[in-house]
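Trainee: Kindly generate the corresponding structure for this input.
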Amino acid sequence: MISQYFKVGVGIIIAVAVLVTAYSRLKTFVYSDENSYELNVVYDNIQGLGKGDAVWLSGVKIGSVGDISLRPDGKAVLHLRIDEGKKILKHSQFAISIGFLQDNILNITKPENPEQPFEYYQPGETIEDTQSPASIPEIMNEAQRALLQLNDILAEVKGIVQNDTLEKNILDITENVRKTTEEAYELAKLLNQTGYDNKDNIDASIRNIRDITEQLKGSAGQVDVLLSNANEVILDVDKVIGNANDVIGDEEVKKQLKEIVAKLDVSMANIQSITDSINKITSDEEVINDIRGTIKSTKSTMENADRAISSFTGMLESINDTEFKPDFEFRYNTKKDLYRANMNVRIFPPKSDVFYLLGFDNLGEDKTTNLQFGINGGKPDLWYRFGLKDSKLGMSFEYKMKKYFYNGELFDPNNLQLNLRAGYPVTDNGYLMLGVEDIFDRDEFSIGILQLY
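Mentor: So this is what the prediction gives:
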């Protein structure tokens with residue numbers, strides 16, 4: 001007699017078989033010639049994608065993989081069955097997605113910002129522009145190689161950091177930088193104090209020159225008044241002489257005037273002499289013009305002196321507001337086993353988005369010069385520099401983003417060099433710098449300390 005457990009087991013097996021058969025039929029026969037159309041997609045490697053795997057467009061299932069064939073050139077051709085109501089824009093990307101559980105799908109991504117009128121792939125069309133996916137083993141191998149390289153770099157850094165001699169040298173250099181910075185600040189304070197102490201003397205000189213200018217202006221006005229009065233006296237004398245002639249023609253007053261005329265002869269002679277002298281001066285236009293030109297020239301000269309003194313005063317005030325920012329860098333290059341010490345000073349004019357950089361690289365060895373002009377890059381801590389780097393023509397940048405510091409240098413047109421570095425803060429304005437030097441040629445690793453002030 002058949003037991004109850006046997007009957008239940010047979011029923012479960014039959015149900016599973018029915019479900020598997022129904023799923024296989026749905027997966028195989030849902031897309032047919034009556035309700036779908038065919039597109040052919042060519043790949044170098046389909047990574048195990050099989051017949052019946054789903055085809056998705058923007059997260060929507062629109063078909064499945066039909067037959068798979070190989071062309072004479074060895075490439076695989078997927079014959080896709082696409083729902084007849086679904087259209088695919090031209091220039092869409094056909095990518096094979098492989099999960100960690102080896103679940104494979106063909107994912108279609110529409111092109112960005114397609115232009116109208118829209119163009120679609122037509123039934124039977126073949127798409128050649130595809131890219132085969134990387135397999136999971138290939139990805140794991142690349143990751144393993146990257147980890148090995150990272151371990152080598154960390155081992156080198158550890159050896160450098162644990163070097164007692166290097167640590168002592170860094171401490172000595174840091175102390176020297178501190179002393180040098182203090183001396184630079186003392187020099188700046190001395191310049192500021194000199195300008196402040198002499199300010200009163202400069203202001204007094206300016207006031208004296210302005211007083212002299214005003215006095216000259218007043219003297220010029222008095223000369224003009226004197227010339228005007230001389231002209232009026234001459235006119236009055238002429239009128240008196242004319243009236244005297246009229247009076248002399250009258251017989252009744254001739255006797256009375258004879259005595260007056262006799263007494264006035266001497267006075268008139270003197271007046272006539274003065275009149276002739278004044279006439280010579282006032283009638284000579286060249287003399288008058290020379291006098292007026294001299295007065296104007298004197299006025300112009302004093303005004304120019306006033307402007308020059310004002311400019312000099314502004315220059316002194318500008319020097320007092322100028323900001324000096326030194327920096328020091330100590331760097332070790334691993335391949336060449338060389339140490340370099342660099343020192344620069346940035347000079348920021350008042351109320352300006354530019355600065356001037358003066359300094360030296362490789363102090364104590366074959367010292368080279370840095371002479372660059374810096375401009376702001378549109379952000380508070382982004383600067384671009386142009387000029388001489390390491391005594392060679394080039395350009396560079398520096399960017400302080402949050403707590404990290406980045407800089408790069410591109411210089412020497414005859415033997416182009418590119419250096420890139422990144423810094424991690426270890427003190428206030430002090431950074432541990434890691435970088436790659438001479439990327440185009442030697443491609444060597446560097447480590448160092450950068451101190452900004």
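
Trainee: Run a quick neighbour tally on the nearest residue to D353 once chain neighbours are set aside.
Mentor: Excluding the flanking residues, the one nearest D353 by C-beta to C-beta, 6 or more residues apart in numbering is N376, at 4.2 Å. All C-beta spots, glycine's among them, are computed from the backbone N, C-alpha and C. Residues near N376, counting by other C-beta atoms under 10 Å, number 14.

Trainee: now do G66
Mentor: So G66, with other C-beta under 10 Å, has 20 neighbours.

Trainee: quick one: it and L106 touch, right?
Mentor: No - the pair G66 / L106 is not scored as a contact, 11.3 Å apart, by C-beta atoms under 8 Å.

Trainee: what do these two both touch?
Mentor: Common contact partners of G66 and L106 (C-beta atoms under 8 Å, 6 or more residues apart in numbering): 78, 80.

Trainee: List the buried residues in the helix or strand containing I68.
Mentor: Secondary structure assigned from DSSP states H and E places I68 in strand 60-70. Across strand 60-70, burial judged by 16 or more other C-beta atoms under 10 Å covers 62-66.

Trainee: Tabulate those residues (TSV), appending distance to S97 and pLDDT.
Mentor: TSV is the format used below for the buried residues of strand 60-70 (distance: C-beta to C-beta, whole Å; pLDDT from 0 to 100):
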residue	distance to S97	pLDDT
I62	15	94
G63	15	93
S64	15	92
V65	13	94
G66	18	92
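
Trainee: Please identify which of the residues you listed is nearest to N407.
Mentor: I62 (51.3 Å; C-beta to C-beta).

Trainee: how about the closest one, what does it touch?
Mentor: 55-56, 82-83, 86, 88, 108.

Trainee: pLDDT at the residue nearest to it when sequence neighbours are not counted, what is it?
Mentor: Among residues not flanking I62 along the chain, K86 sits closest, at 4.1 Å (C-beta to C-beta, 6+ apart). Confidence at K86, expressed as pLDDT, is 91.

Trainee: residues touching K86, list them.
Mentor: By C-beta under 8 Å, 6+ apart, the contact set of K86 is 57, 60, 62-63.

Trainee: okay, among those, which ones form the most distant pair?
Mentor: Maximum distance among these (C-beta to C-beta): 10.3 Å, for V60 and G63.

Trainee: And the strands in the stretch 251-400 of the chain?
Mentor: 323-333, 338-348, 354-361, 368-376, 382-389, 392-401 (DSSP state E, counting those that start in this stretch).

Trainee: of all these, which lies closest to L410?
Mentor: strand 392-401 (5.7 Å).

Trainee: Tell me the first helix or strand C-terminal of that closest one.
Mentor: Next element after strand 392-401 (DSSP H and E): strand 404-411.

Trainee: counting contacts, what elements does that next one pack onto?
Mentor: strand 392-401, strand 417-427 (3 or more C-beta pairs under 8 Å, 6 or more residues apart in numbering; DSSP states H and E).

Trainee: follow-up on the earlier one: which one of the buried residues of strand 60-70 sits closest to T165?
Mentor: Nearest to T165 among the buried residues of strand 60-70, with distances taken as C-beta to C-beta, is V65, at 65.9 Å.

Trainee: quick one, what contacts that closest one?
Mentor: By C-beta under 8 Å, 6+ apart, the contact list for V65 reads 49-55, 78-81, 106.

Trainee: Arrange those residues in TSV, one row each, with secondary structure and distance to E232 as further columns.
Mentor: Shown next, in TSV, are these (DSSP: H, G, I helix; E, B strand; the rest coil; distance: C-beta to C-beta, whole Å):
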residue	secondary structure	distance to E232
L49	coil	118
G50	coil	124
K51	coil	125
G52	coil	124
D53	coil	119
A54	strand	117
V55	strand	114
L78	strand	117
H79	strand	121
L80	strand	116
R81	strand	120
L106	strand	113
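
Trainee: and which of these is nearest S36?
Mentor: R81 (4.4 Å).

Trainee: tell me the SS of the nearest residue to the closest one once chain neighbours are set aside?
Mentor: Nearest non-adjacent residue to R81, counting by C-beta to C-beta, 6+ apart: Y31, 3.7 Å away. Three-state assignment for Y31 (DSSP: H, G, I helix; E, B strand; the rest coil): coil.

Trainee: Check the gap between Y31 and I88 for me.
Mentor: Relative to I88, Y31 is positioned 14 Å away (criterion: C-beta to C-beta, to the nearest Å).

Trainee: follow-up on the earlier one: does the residue nearest to I62 count as helix, strand or coil?
Mentor: Per three-state DSSP, K86 ends up coil.

Trainee: on that earlier part again, is the residue nearest to R81 in contact with G85, as I believe?
Mentor: No - applying C-beta under 8 Å, one finds Y31 not in contact with G85, separated by 11.7 Å.

Trainee: And these two? Which one has more around it.
Mentor: Y31 (23 against 8).

Trainee: what sits against the more buried one?
Mentor: Per C-beta under 8 Å, 6+ apart, neighbours of Y31: 63-64, 66, 81-83.

Trainee: I'd like the distance between it and G66.
Mentor: 7 Å.
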